[in-house]
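# I'll drop the sequence and a predicted model, then ask my questions.
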Amino acid sequence: MARQGGFYAVRKGRETGIFNSWDECKSQVNGYGGAIYKKFDNYGEAKSFVGQSNNASDYRSSDRFANSNISKPHSRRKPSHGLNAPSSFYSSLTPSPASASYSVNKSAFYSVKSINPEVESKIFNNWNDCQNYVKRKRGITFKKFEDQSAAENFINGISVHDYKLMNISKDTFESNYKHSNSVRYDKSMNVYCDGSSLGNGTSSSRAGYGAYFEGAPEDNISEPLISGAQTNNRAEIEAVSEALKKIWHNLTTKEDKINYQIKTDSEYVAKLLNDRYMTYDDRKLKELPNSDLVIPLVERFVKVKKYYELNKNSFKNDGKFQIEWVKGHAGEPGNEMADFLAKNGASRR
């Protein structure tokens, strides 16, 4: 599980900025020639580091770094998707002076998207207030936009790339999966996902993944990780991916349809699917660590998300589907069951 604390500054990498997650920092620098990055305990020092000119200084990672996942806004990134925000989420604060690195003007909007149930999604019109709001919070992503509609799209999950990712046209998808009846489906189900690696980081490690379908034991998943490095991260990716595969099968083949909610203690996976995948083109997706698992993961998520969106009037969730991050090993029964299933899968490797 992730250890809290610290800021990971990337001065040179696939994307630059400040991250509170070694996992996300690693995805920007791993395999990137000449990457420059460093961990700081102080946010101001991290920001200064990113703002420096790229020189010959050599900064490398350490396996002791944690894997939480929060990113710093960067105006070059494309909008990503997340929660639907009611009007009350918008800040009424007036612009205030910003730091030297991020000048604020009348058209600047800072959108905060949260997968943390204790933190609201919100839009600010100045960087200082946004910075104060997100500091030391987990399960959030924030980004600067030049217009309010783009900031709203970031929170509301509006994407123009989803059908391309599924390799299907919008018309064909709607023709195949649009409900022809007016049945309302109100049944909900939590699906807890987890990965495990016995001896993680060693040459003899064995990984497995599990998914606990609350109230539907026939759908539970407990399998060894067959291919690739036997790491905890890969197992957590595969856990959510296989759960999505099962959910898609159930939604498209069973008469009684369910409002599924996936929960994972992998903040990296939650943010990848809720926020980050929209910022990556095909090339960047292929360059990500564990891309052999990440690409099908994203495709499966998009299919389920678009299915709910298309049939929003039929579901209690009103067409909103996202991955919820939960704190690991915090005594939540569903998460503990997923952990048990993952360890059981790893033991059979």
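Done, it's in.
# Tell me, how many residues neighbour Arg184?
9 (other CB atoms under 10 Å). For the C-beta atoms, the positions are set from N, CA and C on the backbone; glycine is no exception.
# Surely it touches Asn317?
No. If you go by CB atoms under 8 Å, Arg184 and Asn317 don't touch, sitting 11.6 Å apart.
# Report the contact partners of the closest residue to Arg206 other than its chain neighbours.
Sequence neighbours aside, Arg349 is the residue nearest to Arg206 in space, at 3.8 Å (criterion: CB to CB, 6 or more residues apart in numbering). Neighbour list for Arg349: Leu198, Arg206, Ala207, Gly208, Pro224, Leu225, Gln230 [criterion: CB atoms under 8 Å, 6 or more residues apart in numbering].
# same thing but at 7 Å, please
Arg206, Ala207, Gly208, Pro224, Leu225 (CB atoms under 7 Å, 6 or more residues apart in numbering).
# What of Val29?
Shown in contact with Val29 (CB under 7 Å, 6+ apart): Val10, Gly13, Ala35, Tyr37.
# ok so, going back, out of the contacts of Arg349, which are inside strands?
If you go by DSSP state E, those have Arg206, Ala207, Gly208, Pro224 in strands.
# need those in JSON lines with pLDDT, can you?
Formatted as JSON lines, the ones in strands among the contacts of Arg349 follow (pLDDT from 0 to 100):
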{"residue": "Arg206", "pLDDT": "97"}
{"residue": "Ala207", "pLDDT": "98"}
{"residue": "Gly208", "pLDDT": "98"}
{"residue": "Pro224", "pLDDT": "98"}
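# In PyMOL, select just the buried ones from those.
PyMOL command restricting the ones in strands among the contacts of Arg349 to the buried ones, with burial defined by 16 or more other CB atoms under 10 Å:
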select buried, resi 206+207+208+224
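# which among the ones in strands among the contacts of Arg349 gets closest to Ile140?
Ala207 (28.4 Å; CB to CB).
# doesn't Leu225 make contact with the closest one?
Yes. Look at Ala207 against Leu225 with CB atoms under 7 Å: they come within range, at 3.9 Å.
# Find residues that contact each of the two.
In contact with both Ala207 and Leu225: Arg234, Ala235, Arg349, using CB under 7 Å, 6+ apart.
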